[in-house]
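Novice: all I have is the shape, not the residue letters:
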């Protein structure tokens, strides 16, 4: 069954019969001190630019995080969401660990949003699930609980199952739950890859729900993270992953995801692939012309 | 069970618990007119260079094809194999549709080779399987037969099954058969990806044999074939593919395969990944130094 998110004009389907959904991760002040300072000061120019750029690069949902120390997170969350929805037509993923910020975001957002996130911790389940129910939102369920993140995939599966069941108990249908199986860093945990691939299959087959992943944790501490993240995403898609919170502005990742859609049979007549290749050729042609002009300007010295 | 190939000094294991095996495809005169002319004239310098370069780039087996129109293929095959084994320590894949060339190659090769290939066609089964048995070689079984290449994956599975059973009947154990499920071009056959992924799983689960693929047919007719081939290979590895005949000199493919090994838990402590990254950094450092020197030489004009 599809997980459907909406904006006033768009409906995004997340599910095994649809192209992979990129949830753009850029609007997040964590680790971006300039963005944090600007958002805290009520300057949303960078938020606006990030929203537009990610939408153009193929994000189908935009994650909005307003977690800035000492700032009024609920107010900034609402403001950022309003701004993002004024410059794009995409559904929103409301990203906070602060309940008041989630509430404020849910009140401000137009359409059916995604709450990012709930865990299997009792306190979080009790605080977040009623919000998802009240607003008819979808919710990301992360498979950790009071005991932390288990390295045992069976424990993580049990947590995912608990979240889905608790959601159903408060009246949230399981198609409104996206499970994040949690990817551990392969550099530290040797079987992190096989564990998460197997979890993705079990979540699909045994729980029948859709999945989402953060794409970069897997490569933590290793060199050439982009290649590792790209390989991970394509392999996870081959194991049924339906969406990821990632950066569509990272071109090699964006292209591998488009290629994975082709390989999954989710790009009819390869239309998106061909369109992307045409745009890349046009951009490269522009760059070639620019280089030629520069050579011309400096009198024929080859670059 | 592992498919084991050997050279006088090396043993290569192909199987689900081992790093993915690259069978280097470059020593093949098909479509390489210079190489064809040289080999026909008894000049093996390019063969030598291709063998060394592929071994350095991580190929664990080298495919040798001597299919040159009007030339003495059996003699050239033997000569090329002797040369390749004199400059590398890798097992050989003997690649021909000419039975006499396979025989000549098998007589010349040192160690346990791979015969590339047999199909499900009656005539081929009768000619090739006894050779594999006689020389104790492994053999690639390609899942097409007299009726051609079926678009129906169930038909291709049935052909694969027939090949494995016929091999066992003449005394070739199934671990000596590598099935090539045949990848159709995704540009022409929309479900080519899902079909081959499912086939790979069935061959593993129902026949218990290892698999091999050509990696480039999948992208036939489409732009940016390297990205498509890379996505295909990682996704096929996630579905159990154990080896591929491909070009390790294509750097992005080579890196994605190394990344896939990490993700499958087949790169202990990420040692190969870290080694490859160190070598890339050293090469990039060298290139930077070279660029700086060039700038110096032309008097400080930025490149």
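Specialist: Nice, thanks for sending it over. Just so you know, these numbers come straight off a predicted model, no measurement behind them.
Novice: just the pLDDT for residue A:303.
Specialist: The model reports residue A:303 with a pLDDT of 31.
Novice: can you tell me how far residue A:96 is from chain B?
Specialist: Residue A:96 sits at a distance of 31 Å from chain B (criterion: Cβ to the nearest Cβ, to the nearest Å). All C-beta atoms are positioned from the backbone trio N, CA, C, and that covers glycine.
Novice: ugh, wrong one, residue A:141
Specialist: Computed with Cβ to the nearest Cβ, the distance linking residue A:141 and chain B is 24 Å.
Novice: try residue A:147
Specialist: Distance, residue A:147 to chain B, using Cβ to the nearest Cβ: 24 Å.
Novice: measure that residue to residue A:122 for me?
Specialist: Remark: distance between residue A:147 and residue A:122 (Cβ to Cβ, to the nearest Å) = 12 Å.
Novice: likewise for residue A:69?
Specialist: Spatial separation of residue A:69 from residue A:122 under the definition Cβ to Cβ is 27 Å.
Novice: ditto for residue A:129
Specialist: From residue A:129 across to residue A:122, the span is 11 Å (Cβ to Cβ).
Novice: likewise for residue A:222?
Specialist: Using Cβ to Cβ, we find residue A:222 at a distance of 35 Å from residue A:122.
Novice: who has more neighbours, the two?
Specialist: residue A:222 (19 against 12; other Cβ atoms under 10 Å in any protein chain shown).
Novice: and the closest residue to the more buried one other than its chain neighbours, helix, strand or coil?
Specialist: Closest residue to residue A:222 in three dimensions, ignoring its sequence neighbours and counting by Cβ to Cβ, 6 or more residues apart in numbering or on different chains: residue A:187, at 4.8 Å. Counting by DSSP: H, G, I helix; E, B strand; the rest coil, the backbone at residue A:187 sits in coil.
Novice: hang on, residue A:275 in a strand?
Specialist: No: going by three-state DSSP, the assignment for residue A:275 is helix, not a strand.
Novice: so what's it scoring on pLDDT?
Specialist: pLDDT, residue A:275: 96.
Novice: how many neighbours does the residue nearest to residue A:222 have?
Specialist: Residue A:187: 19 surrounding residues under other Cβ under 10 Å.
Novice: ok, now the one 10 residues further on?
Specialist: For residue A:197, the number of neighbouring residues by other Cβ under 10 Å comes to 24.
Novice: check what pLDDT the residue of the stretch 51-200 of chain A found nearest chain B gets.
Specialist: Of the residues in the stretch 51-200 of chain A, the one nearest chain B is residue A:193, at a distance of 3.7 Å by Cβ to the nearest Cβ. At residue A:193, the model reports a pLDDT of 96.
Novice: for the nearest residue to residue A:216 once chain neighbours are set aside, give me its contacts.
Specialist: In space, residue A:216 comes closest to residue A:229 once its chain neighbours are excluded; the distance is 5.5 Å by Cβ to Cβ, 6+ apart. Contacts here follow Cβ atoms under 8 Å, 6 or more residues apart in numbering or on different chains; on that basis residue A:229 touches A:215-216, A:218-219, A:246, A:253.
Novice: from residue A:245, how far off is residue A:229?
Specialist: Here the distance between residue A:229 and residue A:245 works out to 12 Å (Cβ to Cβ).
Novice: name the SS class of the closest residue to residue A:188 other than its chain neighbours, please.
Specialist: With Cβ to Cβ, 6+ apart as the criterion, residue A:188 has its nearest non-adjacent residue at 7.0 Å, and that residue is residue A:221. Taking three-state DSSP as the rule, one finds residue A:221 in the coil state.
Novice: show me what contacts the closest residue to residue A:238 other than its chain neighbours?
Specialist: In space, not counting the residues next to it along the chain, residue A:238 is nearest to residue B:235; the distance is 3.7 Å by Cβ to Cβ, 6+ apart. Taking Cβ under 8 Å, 6+ apart as the criterion, residue B:235 is in contact with A:234-235, A:237-238, A:260, A:263, B:193, B:197.
Novice: can you get me the start-to-end distance on stretch A:86-93?
Specialist: Chord length of stretch A:86-93, first to last residue, is 15 Å (Cα to Cα, to the nearest Å).
Novice: now do stretch A:243-256
Specialist: Stretch A:243-256 has an end-to-end distance of 14 Å (Cα to Cα).
Novice: list the contacts of it.
Specialist: Contacts with stretch A:243-256, where a contact means Cβ under 8 Å, 6+ apart, come from A:14, A:20-26, A:53-54, A:57-59, A:61, A:63, A:93, A:116, A:178, A:210-216, A:226-227, A:229-230, A:233-234, A:236, A:276, B:224, B:227, B:230-231.
Novice: buried residues in it, which are they?
Specialist: Residues of stretch A:243-256 classed as buried by neighbour count (16 or more other Cβ atoms under 10 Å in any protein chain shown): A:243-250, A:253-256.
Novice: with stretch A:15-27 instead?
Specialist: Under the neighbour-count criterion of 16+ other Cβ under 10 Å, stretch A:15-27 has A:18-27 buried.
Novice: what of stretch A:71-87?
Specialist: Residues of stretch A:71-87 classed as buried under the neighbour-count rule (16+ other Cβ under 10 Å) are A:71, A:73-74, A:76-81, A:83-85.
Novice: burial count for residue A:281?
Specialist: Using other Cβ under 10 Å, residue A:281 is surrounded by 12 other residues.
Novice: tell me how far it lies from residue A:274.
Specialist: Residue A:281 sits 10 Å away from residue A:274, taking Cβ to Cβ as the criterion.
Novice: overlap in contacts of these two?
Specialist: Listed as contacting both residue A:281 and residue A:274 by Cβ under 8 Å, 6+ apart are residue B:223.
Novice: phi, psi for residue A:94 please.
Specialist: Reported as degrees, to the nearest 10, the phi and psi values for residue A:94 are phi -90, psi 110.
Novice: residue contacts, it?
Specialist: Shown here is residue A:94, whose contacts under the criterion Cβ under 8 Å, 6+ apart are A:64, A:77, A:81, A:101-102, A:105-106, A:109, A:113-116, A:137.
Novice: likewise residue A:269?
Specialist: When contacts are counted by Cβ under 8 Å, 6+ apart, residue A:269 touches residue B:190.
Novice: doesn't it fall inside a helix?
Specialist: Yes: under three-state DSSP, residue A:269 falls within a helix.
Novice: helices along chain A, start to end?
Specialist: Defined through DSSP state H, the helices belonging to chain A, from first to last, are A:33-40, A:45-56, A:73-87, A:99-108, A:122-135, A:153-169, A:192-202, A:225-238, A:251-263, A:271-297.
Novice: what's in contact with stretch A:158-171?
Specialist: By Cβ under 8 Å, 6+ apart, the list of residues contacting stretch A:158-171 from outside reads A:118-120, A:125, A:129-130, A:132-133, A:139, A:141, A:143-145, A:150, A:174, A:176-177, A:179, A:181, A:199, A:203, A:206-207, A:209.
Novice: buried subset of those, written for ChimeraX?
Specialist: In ChimeraX, this line selects whichever of the contacts of stretch A:158-171 come out buried by 16+ other Cβ under 10 Å:
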select /A:118,119,120,125,129,132,139,141,143,144,145,150,174,176,177,179,181,199,203,207,209
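Novice: in strands, which of the contacts of stretch A:158-171 appear?
Specialist: With strands defined by DSSP state E, the entries of these inside them are A:118-119, A:139, A:141, A:177, A:179.
Novice: how is chain A partitioned into domains?
Specialist: Using automatic domain parsing, the domain ranges for chain A come out as A:3-266, A:269-303.
Novice: for those, which has the smallest mean pLDDT value?
Specialist: Looking over those, mean pLDDT reaches its minimum on domain A:269-303, with a mean of 73.
Novice: close to chain B: what parts of the stretch 101-250 of chain A are there?
Specialist: Within the stretch 101-250 of chain A, the positions adjacent to chain B are A:186-187, A:190-194, A:197, A:218, A:222-224, A:227-228, A:230-232, A:234-239 by Cβ under 8 Å from any Cβ of the partner chain.
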